[in-house]
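[1] Pasted the sequence and its predicted model underneath.
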Amino acid sequence: MERSKKNPMIERYKQYLRLEKSFSANTLDAYCKDLYKLKAYIEAEGKDLLDVIPDDLHHFIAGLHDVGIHPRSQARILSGIRSFYRFLLLEDYIASDPTELIENPRIGKHLPDVLSVEEIDAIIGSVDLSKVEGQRDRAILEVLYSCGLRVSELCNLRLSDLYLREGFIRVLGKGNKQRLVPISPRAIDELQRYFEQRANIVPKRNHEDYVFLSFRRGSKLSRIMVFHIVKVQTEAVGIHKTVSPHTFRHSFATHLLEGGAHLRAIQIMLGHESITTTEIYSHIDTHRMRDEIIGCHPRNIKFGKEQR
């Protein structure tokens, strides 16, 4: 995703880091990338970087935590933001530093694992398609990562919730809250391949509408089975991390943020915000949001290149 039009103030800050702090090109890019995350978030709230107050920063950091960004990464982002506001104070852009009383996120001993794009590729690619359930399992892993679903949301996904032509699925989340989630061309492709085999399953009564079915029993797939699928495929490629379906969700959010997606869009995708359908349309147009999520997702970028 391309950044919005260059901000003169941020460009001056970049020059300051290059000349006075002697930062390398990689460090400069990392600082500015994090700063543009804040800029996008603040502008979505109808404010300017110069108008930021501590509460805005608290909400921004809380949003990073909300979508599963690790405290160490949160601390790195906050470090860059602090540096920026110290520069603004030094250059008389602002009268007080809004970061002064902001505490660093606590970094606990347990670090939740996030999979790299390469590890995700390896896990999904390891599924044995010669097995009767192979294509189903591959579609499950692809949907988990491409849509960032909770395992319960995946298990309860229904055929009537799929709007594949429009590129969306309807998800019933916690508290029976519905949300629209973009689904990538890659995930759609894997689902359609699975549907060819699903046609051979005789669904159990009242389970006809569930997307993912047991080949033996014809019933909707259980949470335990999805955990088992993830465990088997992770072990198959020799990844020594604690990996569960939730790891795919964490990785989804982390990769999107790293790719430049809007924090608020990620929160909506994950179902972490109490936002009505009307509010979704008033804050972020759903089709623009879909383009943003699809455009920033590394798996989709790769699939797009493969299709050319």
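    Cool, got the structure. Residues are numbered from 1 along each chain as shown.
[2] Would you mark the buried spots in stretch 43-59?
    Buried residues in stretch 43-59, counted by 16 or more other C-beta atoms under 10 Å: 49, 52, 56-57. Placement of C-beta: from N, CA and C, glycine included.
[3] Nearest to Asp161 among the residues you listed?
    Checking these against Asp161 with C-beta to C-beta, the nearest one is Asp56 at 35.5 Å.
[4] Tell me who's in contact with the closest one.
    Contact partners of Asp56, counting by C-beta atoms under 8 Å, 6 or more residues apart in numbering, are 42, 45, 47, 98.
[5] so which two of the residues you listed are the farthest from each other?
    Glu45 and Pro98 (13.9 Å).
[6] re earlier: can you lay out the buried residues of stretch 43-59 as JSON lines showing distance to Ile183, pLDDT and secondary structure?
    As requested, these are exported to JSON lines (distance: C-beta to C-beta, whole Å; pLDDT from 0 to 100; DSSP: H, G, I helix; E, B strand; the rest coil):
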{"residue": "Leu49", "distance to Ile183": "34", "pLDDT": "93", "secondary structure": "helix"}
{"residue": "Val52", "distance to Ile183": "35", "pLDDT": "93", "secondary structure": "coil"}
{"residue": "Asp56", "distance to Ile183": "32", "pLDDT": "90", "secondary structure": "helix"}
{"residue": "Leu57", "distance to Ile183": "33", "pLDDT": "91", "secondary structure": "helix"}
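[7] ranges for the helices of the stretch 101-250 of the chain?
    Secondary structure of the stretch 101-250 of the chain by DSSP state H, counting those that start in this stretch: the helices cover 117-125, 134-147, 151-155, 185-198, 223-236, 245-259.
[8] looking at those helices, which is closest to Phe23?
    Comparing the helices of the stretch 101-250 of the chain under C-beta to C-beta, the one sitting nearest is helix 245-259, at 19.5 Å.
[9] Mind checking the pLDDT average for that closest one?
    The pLDDT scores in helix 245-259 average 87.
[10] Same check on stretch 178-190?
    Stretch 178-190 comes out at a mean pLDDT of 92.
[11] Would you mind listing the buried residues in it?
    Those would be 179-184, 186-188, 190, for stretch 178-190 by 16+ other C-beta under 10 Å.
[12] residue closest to the middle of the protein?
    Geometric centre of the chain, nearest residue: Ala253, 2.3 Å, by C-alpha atoms, centre = their mean.
[13] any idea how far it is from Pro71?
    Remark: distance between Ala253 and Pro71 (C-beta to C-beta, to the nearest Å) = 14 Å.
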